[in-house]
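In: fold the following, please.
(one chain, ligands or ions: 1)
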Amino acid sequence: MFTPSSSASARLAPISSSRPRQPFARPHSSLAQPLTTDRNSNTPSPFSFLNDDPASSNHGILPREGGGKLKIKSATTPEAKSRLLAKALPKTPAQPPRQESLTSAWVPQDRVEAMDAEEGPIGETEAVLVSVRVRPPNDAEMRSNQETSVWETPSWDEHSIKLPKGRDGVHQDREWMFDRILPPHTDNLRAYNTSAKAHVRSAMEGFNAVIFAYGQTASGKTFTLTGSPSNPGIIPLSVTDLFAQIRRTPDREFLLRASYLELYNETIIDLLSPSGRELTLSEGKKKGEVVINGLTECAVRTEEDVRGLLRRGEESRKVGQTDWNARSSRSHCVFRITIESRASRGQAEDANIGARTPGGRLKAAGDKTTRISTLSIIDLAGSEKHTSSKERNVEGRHINQSLLTLKLVISKLADMASKRNVTHVPYRDSKLTRLLQPSLSGDALISVICTVSPSALNLSESLSTLSFAQGLKRVVLRAERKEVVDPQALIQQDGGEETMTSKSSREKNQAMEKRLNELKSLILTSVNVQSSTGTHGQARPLSPTKLTYPKLDFDKSTTDLQEDLHAAQLRNAEQEDEIARLRLELEARPINPDARIIELQDEIAGLRMIAADYERHLLEPSRKVRDDVEKEWKTKVDKLEAQLESKKIWANRLDENFRAVTTENKQLVERCKDAESKVLQIMEWVNTALQDDRDPSSPSRNADVPMLVVSQDLDADDFGPSPSQAQNGLGGVGVGAGAAGPGSGPGGKATLTLSAKMTRAQFSQMDLASFGERFGTLTLGSRGRDGFRMLREESRMDLANELDDDTF
Ligand SMILES: Nc1ncnc2c1ncn2[C@@H]1O[C@H](COP(=O)(O)OP(=O)(O)OP(=O)(O)O)[C@@H](O)[C@H]1O
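Out: Below you'll find the model as predicted:
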């Protein structure tokens, strides 16, 4: 049933002892029993009082009108649930509180009444409420003359616990102060009133609240939280109080959901899932938020529903017998109630008519906020020393390790509150601290009941518990009321976007309508909240058909019934396979029993070796935790790596582009420089020619104009001789490709030369005005002629601009 331990538990024999339960009796070590669940146990469960009422057999699945079942999975976000809640709230005007006395079939009447008689402390939002409860001596302690508690708890001071001088080796009086000390004679009601009531009621008001019991094994944690039929503990008292508060709060409407999980050997098990499924943790959207994936949450309408759920969970819980406790909790257990509430419609609308916001604007009719909070009650497994049972030892190591991590986390948080430099709080080192992370990091009101044994033999463990309690007192909380703003407006918007015409929308709406009707039946108001006797007292007589098929759920839809049938057929097929397998096994049974005995002895020896090996691996729990954490981080790392890879590709492309652009740029600059030098050369040549021409006294006047040679990757066509130049036979400028002469093909390497040496005289004859025309044979791209005119008239820069890259 329990995934991680199924193979182990399958090999273990169920508890066979039929001894009646003897509280505090220390059994002989050989009597230590292997781990089992309550289902197999003959030892009565501390929750046995839950079974009082045979009528409550629906195992906590909510009885709707008509007896259907409704479960809400926690996968939906709290906001989404609130939207549904808001939509589902019936528009009933607020009712005045009912003036009837409160009753409970779970908690004795005198205790229900006494619950309000005592004023509890106000729920603090900044400090952990720490109480220390000393258990009365048990039979074994009485027999060994330890009937007097080692602790002194003065009746005049309910905050002080003392270890007097001389008691068990202490040389001086030692005293500790806590919010509340609960001496051995204290009953559970007082423990509730002083150490839990304020937190339960704050949870009703929208604050997250956590109550947990911490202490050595057999020190009284389970007794404090669950109690007995005559002395119910904090869990039943809280549930009774929750429903009593709903009855007393006519101006609000409530929706309650319950879940129950167990942390066994670093594995989280859903105690309300029929398969006892293993759950995983992951980070939520908000910082520090931890999500329990797939946890079953059941809507509850009465105390009976809650009681049924607890009973169901208790059947699956891991308990076993240790040297110190006949029924020791071998796991940490978290019972959680999620409380959603909002103002009753009529009430909110009346209250807000004409009311203004702090900013002075008129408030919309109706209080649009929904409060969502959780009340978690945690029964921690007890820390323990080495026991005589190997199974217990393996569990004990896991338990001790997680409690050690809890201690470490608390001490780091306390250091942080004292402004000491804390770089890391090891929440991830155990599932327990991971689960508690949101609360411990300040998001909840916390009350801790630390339980200690009165015995001197347990002194060192008790001192360690007190030191943990002191650390808790230094932790600072920042709990705030949890409210979701205007969920109804959101759902109206969502609905408005949908077109009502399509078939799928209609189906969706019908499904939504059905869901809303189901939810409506869950809304608890001061008027409709079931009295604690629940619906069971008023059950209608069953019809003959229902009597014939008592197990059939007549309110199920055909599809659900078909699914059930299919599941039953599958189960049937599996069972048939199993029968066939067993038959074969039977047939293959060894004829020689002695050989079989030897075989089994070998097997036992092998198993012993495995067990010894397991024992050696003391760090097993941390490995399991590490594996889980690594798995969670690996997904994140893979995602980030994929992102990094695509960024790298993108960066490479960018780099290539940049390089290409830089090269192109360089080429352009080179071409530009080259073009500029060519232009300068031409200008110089022209200027020299013109200068000599203008100055008749120049000695070089009659000398030949030097030949202009311009080598460049020029298109030969650009410098082809003009037809007119060819005709008049003037030297002029032509294009040659080195020795190849004029006419080298387009795009080939060309040389711009004066095709014949021109004498200065010839040059001087050239009419300056027609210079352009003469040299017009130089067709500089599309602007040849104009370009040369510019040579004479424009500045060098202008020329460089003009002769752009398509010239040279
Ligand atoms: N205050 C009390 N008054 C009377 N009996 C008590 C009290 N506290 C504990 N006991 C009894 O002592 C025994 C051990 O208590 P309990 O099972 O609550 O211990 P625990 O701390 O939960 O142990 P573990 O960690 O092993 O589960 C039980 O038989 C319980 O009924």
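In: helices or strands next to the longest helix seen in the chain in the packing?
Out: Looking across the chain with DSSP state H, the single longest helix is helix 620-694. Using 3 or more C-beta pairs under 8 Å, 6 or more residues apart in numbering; DSSP states H and E as the contact test, the elements touching helix 620-694 are strand 278-283, helix 390-417, strand 709-712, helix 760-765, helix 784-793, helix 796-802. Backbone N, C-alpha and C define where each C-beta goes, glycine included.
In: weakest of those in terms of mean pLDDT?
Out: Within those, confidence is poorest for helix 784-793, with a mean of 40 (mean pLDDT).
In: so R133, which of the three states?
Out: strand (DSSP: H, G, I helix; E, B strand; the rest coil).
In: how near is the closest residue to it other than its chain neighbours to I449?
Out: Once flanking residues are discounted, R133 sits nearest to L182: 3.9 Å by C-beta to C-beta, 6 or more residues apart in numbering. Note on L182: its distance to I449, by C-beta to C-beta, to the nearest Å, is 8 Å.
In: next, show the common contact partners of those two.
Out: 131-133, 191, 195 (C-beta atoms under 8 Å, 6 or more residues apart in numbering).
In: which PyMOL command selects the buried ones in these?
Out: This is the PyMOL syntax for the buried subset of the shared contacts of L182 and I449, where burial follows 16 or more other C-beta atoms under 10 Å:
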select buried, resi 131+132+133+191+195
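In: L256: which of the shared contacts of L182 and I449 is nearest?
Out: S195 (22.2 Å; C-beta to C-beta).
In: does the closest one really touch F178, like I thought?
Out: No. If you go by C-beta atoms under 8 Å, S195 and F178 don't touch, sitting 10.2 Å apart.
In: need the residues touching each of those two.
Out: Common neighbours of S195 and F178 (C-beta under 8 Å, 6+ apart) are S131.
In: residues in contact with the closest residue in space to V239 that isn't next to it in sequence?
Out: Excluding the flanking residues, the one nearest V239 by C-beta to C-beta, 6+ apart is V306, at 4.8 Å. V306 is in contact with 60, 239, 258, 300, 337, counting by C-beta under 8 Å, 6+ apart.
In: now do T186
Out: Contacts of T186 were listed using C-beta under 8 Å, 6+ apart, and they are R133.
In: can you tell me the SS state at it?
Out: Going by three-state DSSP: T186 is coil.
In: which residue does the stretch 351-500 of the chain have closest to the ligand?
Out: G382 (2.5 Å; C-beta to the nearest ligand atom).
In: isn't that residue up against K221?
Out: Yes. Between G382 and K221 there is a contact under C-beta under 8 Å: 6.4 Å.
In: pass me the low-pLDDT residue ranges in the stretch 301-450 of the chain, would you?
Out: 318-329, 345-368, 383-396 (pLDDT under 70).
In: just the helices from it, written as ranges.
Out: For the stretch 301-450 of the chain, helices defined by DSSP state H, counting those that start in this stretch occupy the ranges 303-316, 345-352, 390-417, 431-438.
In: and of the ones you listed, who's closest to E630?
Out: Nearest of these to E630, taken as C-beta to C-beta: helix 431-438 at 13.8 Å.
In: neighbours of the closest residue in space to V476 that isn't next to it in sequence, how many?
Out: Nearest non-adjacent residue to V476, counting by C-beta to C-beta, 6+ apart: A417, 4.2 Å away. Using other C-beta atoms under 10 Å, A417 has 17 neighbouring residues.
In: for A417, give me its contacts.
Out: For A417, the contact set (C-beta under 8 Å, 6+ apart) comprises 474-476.
In: out of the shared contacts of L182 and I449, who's nearest P454?
Out: Closest to P454, out of all of the shared contacts of L182 and I449 and judged by C-beta to C-beta, is R133, at 10.8 Å.
In: what sits against the closest residue to R252 other than its chain neighbours?
Out: In space, and not counting its chain neighbours, R252 is closest to S341: 4.8 Å by C-beta to C-beta, 6+ apart. By C-beta under 8 Å, 6+ apart, the contact list for S341 reads 204, 206, 252-255, 370-371.
In: right, I'll call it a day here.
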